[in-house]
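[1] kindly generate the corresponding structure for this input.
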Amino acid sequence: MTNNQLPTITIITPSYNQARFLEETILSVLQQGYPNLEYIIMDGGSTDGSVEIIKKYAHRLTYWESEPDHGQSHAINKGFKRATGELAAWLNSDDLLTPGALQEAAEIYNEDPSLGFIHGISELIDENGNSQNKHFGSEFDLIENLITSQNTVAQQSTFINLQCLESIGFLDESLHMSMDWDLWLRLGARYSSRFVPKVWSKTRHWPMTKTKTQLLSSGDEHIRIAKKMIE
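    Numbering: from 1, shown residues only. Predicted coordinates:
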């Protein structure tokens, strides 16, 4: 497959005061060696040295900015609005892509460009990058996700068809924990998806992640999302 046959993939990294991990995240994207990459970093006005790290790689980025935003969903949406790729994804600034992830996702897309999203597996790592020998991500089923209130999609390993995304709307910026689950449900209600049982990312699980610090708020958000889906 030639470079001209590969879809452009847009990766958006939202970040705020994550200098400790940011460079490793950036390199995990740039070192994919994917020829048709569009990489956007949306920094929320960091004061911890993140901007200096971003500037180090600015010549390899499609776009970056560092200014206050209204939270993670808002930052990601700003990136989506700048995206021009056939596929788009967001990778948080403490997570990593595994080698070859973009190429493999691109090949699946070329097999069926009508897919709403393509998703794989993510491996949990600790704050030092060591494997926790745990993985998550499995086949998406709209009804099962709604009934069980479980999110079976590993956001870090998910590539979204940008045309489909634009047709259903970007992230709900009123959501702070479950905006990805809401998005999979809205996409899944209108488009098919493809699960690939391969590890496409590494998710850092450490005490200061949102999953650890804001988990209680996700229950209320799930209820709001489910009610909206059945209205």
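[2] ok, residue 57 - contacts?
    26, 30 (CB atoms under 8 Å, 6 or more residues apart in numbering). Where you see a C-beta, it was placed from the backbone N, CA and C, and this is true even at glycine.
[3] list phi and psi for it.
    Dihedral pair for residue 57: phi -110, psi 10, per degrees, to the nearest 10.
[4] which residues in the protein form helices?
    19-30, 50-56, 72-82, 101-111, 142-148, 162-168, 179-188, 210-213, 217-230 (DSSP state H).
[5] list the buried residues in the fourth one.
    When you say that, I think you mean helix 101-111. Within helix 101-111, the residues scored as buried using 16 or more other CB atoms under 10 Å are 101-102, 104-106, 108-109.
[6] okay, angle between it and helix 19-30 too, please.
    Per axes from the mean of the first three to the mean of the last three CA atoms, to 10 degrees, the angle that helix 101-111 makes with helix 19-30 is 50 degrees.
[7] quick one: contacts for residue 168?
    Residue 168 neighbours (CB under 8 Å, 6+ apart): 186-187, 190.
[8] what do you get for residue 63?
    40-41, 82.
[9] any idea what it is bridged to?
    residue 40 (DSSP bridges).
[10] residues in contact with the residue nearest the centre of the chain?
    Nearest to the geometric centre of the chain sits residue 90, at 2.9 Å (CA atoms, centre = their mean). Contacts here follow CB under 8 Å, 6+ apart; on that basis residue 90 touches 11-14, 76, 79, 155.
[11] what about residue 33, how many residues close to it?
    10 (other CB atoms under 10 Å).
[12] should've said residue 128
    7.
[13] returning to what we had before: neighbour-wise, give me the winner out of the contacts of residue 168.
    Ranking the contacts of residue 168 using other CB under 10 Å puts residue 187 first, with 24 neighbours.
[14] that one: what's it in contact with?
    By CB under 8 Å, 6+ apart, the neighbours of residue 187 are 116-117, 160, 164-165, 168, 193.
[15] tell me the one of those nearest residue 142?
    Set against residue 142, the nearest of the contacts of residue 187 by CB to CB is residue 193 (9.2 Å).
[16] who are the contact partners of the closest one?
    115-119, 140, 184, 187.
[17] so which of the residues you listed sit within strands?
    117-119 (DSSP state E).
[18] the longest strand along the chain: which residues count as buried?
    Using DSSP E to define each element, the chain has its longest strand at strand 193-204. Buried residues in strand 193-204, counted by 16+ other CB under 10 Å: 193-196, 199-204.
[19] ok, stretch 169-183 next?
    Buried, per 16+ other CB under 10 Å, within stretch 169-183: 170-173, 175, 177-183.
[20] which pLDDT does the model give residue 45?
    In this model, residue 45 is scored at 97, pLDDT.
[21] that one: neighbour count?
    Neighbours around residue 45, by other CB under 10 Å: 13.
[22] wait, isn't it in contact with residue 68?
    Yes - at 4.5 Å, residue 45 counts as touching residue 68 under the criterion of CB atoms under 8 Å.
[23] helices and strands of this structure: which one bottoms out on pLDDT?
    helix 210-213 (a mean of 46; mean pLDDT, DSSP states H and E).
[24] now do the contacts for residue 137.
    By CB under 8 Å, 6+ apart, the neighbours of residue 137 are 119-122, 152-154, 157, 195.
[25] would you mind measuring from it to residue 5?
    27 Å (CB to CB, to the nearest Å).
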